[in-house]
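1. return a 3D structure for these sequence lines:
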Amino acid sequence: MKIDHESLIGTYEQKRAQVQQFNLMHDDFFAVVMQDKAALETALRILLSKKDLIVTDVRVQYSVRNMIGHSAILDVLAEDSKGKLYNIEVQVKNIDDYQKRTRYYQANMDVSFLRKGRHYSELPDIYIIFISSFDIFGKNDVRYEVKRILDGYQEVVDNGVYELYFNTKANDNSEIAKLLQYFENTDDSVTEYGALSDAVRYYKDTEEGVSAVCDEVRKYGDERVMRATAEIQVKSVSLIMKNANCSLEQALQMLNISQEEYNNYLSVLSTQQTA
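-> Just a heads-up that it's a prediction; the model follows:
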């Protein structure tokens, strides 16, 4: 769910009133809050029941670029002290094939993080964490884990990918469920989640934090437009070169794109991938 950044223009009180309505199921607000490593660490420790998990790096709205196919924009990508990766996505509308989306995101991450010449054993463990406002499997559980099972033996075949689904619709009053309800109803008066609560309170109830939210949301919106334009133009050039069997210079002339513009598009995609 994308926040309408046009509503974030006005006086501080007007912006604060708007930001007060945000919760952690809004992907833009989620990304802003989860830039704080300690806040994300608090959430992951509860969701994964790993009290010793240490987050060492966080990137939000991270673009895993694919020049041939559809690129993947990750809400949050994090790494822990053991080199394991965590992709966390939030979604409020059940309008996509999330099983296929998860499969695609994982594939793009694997291609991105295994450098040429490296062994497959060097692929990092990946946790794909999907948090939704709907019960994706309809079993009334707050947590689901999808595993690879050896057919006929019920043995788990571990390939380093851990696929987990959480939802705010079910509620069994567990510690995980309470955290998910906090995601759905993000009240800045709540203090029980330590660094996560502190980050929410900062971004919702201080002038500096509210301004930061507004600036970041506008930036994310602008970056989405730039990224989408760059992808379309670069892929159009590639298709013309392939279909017309022509040079890059000829393809640029056909599309009325200058070499400088094309280089700028490539720069946008490269920056979005590595920032």
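2. drop to CA atoms for contacts and neighbour counts, all remaining ones
-> Will do.
3. check which helix or strand the residue nearest to the spatial centre of the chain maps to.
-> The centroid of the chain falls nearest to D75 when counting by C-alpha atoms, centre = their mean (1.4 Å). For D75, the host element (DSSP states H and E) is strand 72-80.
4. following the chain onward from that strand, which element is next?
-> Using DSSP H and E, the first helix or strand after strand 72-80 is strand 85-91.
5. just checking: what are the partner strands of that following strand?
-> strand 72-80 (antiparallel), strand 126-132 (parallel) (DSSP bridges).
6. in the first one, what counts as buried?
-> For strand 72-80, the buried set under the neighbour-count rule, 16 or more other C-alpha atoms under 10 Å, comprises A72, I73, L74, D75, V76, L77, A78, E79.
7. tally up the residues packed near the closest residue to Y193 other than its chain neighbours, please.
-> Counting by C-alpha to C-alpha, 6 or more residues apart in numbering, Y193 lies nearest to T42, which is 7.1 Å off, once chain neighbours are set aside. T42: 21 surrounding residues under other C-alpha atoms under 10 Å.
8. need the pLDDT of T42.
-> Note on T42: pLDDT of 97.
9. check contacts around it.
-> Residues in contact with T42, defined by C-alpha atoms under 8 Å, 6 or more residues apart in numbering, are Y193, G194, A195, L196.
10. hang on, the earlier thing: mind listing what the residue nearest to the centre of the chain touches?
-> D75 touches D27, A31, V60, Q61, Y62, N87, I88, E89, V90, counting by C-alpha under 8 Å, 6+ apart.
11. try 7 Å this time
-> D27, A31, V60, Q61, Y62, I88, E89 (C-alpha atoms under 7 Å, 6 or more residues apart in numbering).
12. what is the burial count for the fifth one?
-> With neighbours defined by other C-alpha under 10 Å, the count for Y62 comes to 18.
13. what's the angle from whichever strand or helix holds it to strand 85-91?
-> If you go by DSSP H and E, Y62 is part of strand 55-64. Using axes from the mean of the first three to the mean of the last three C-alpha atoms, to 10 degrees, one finds that strand 55-64 and strand 85-91 are set 60 degrees apart in direction.
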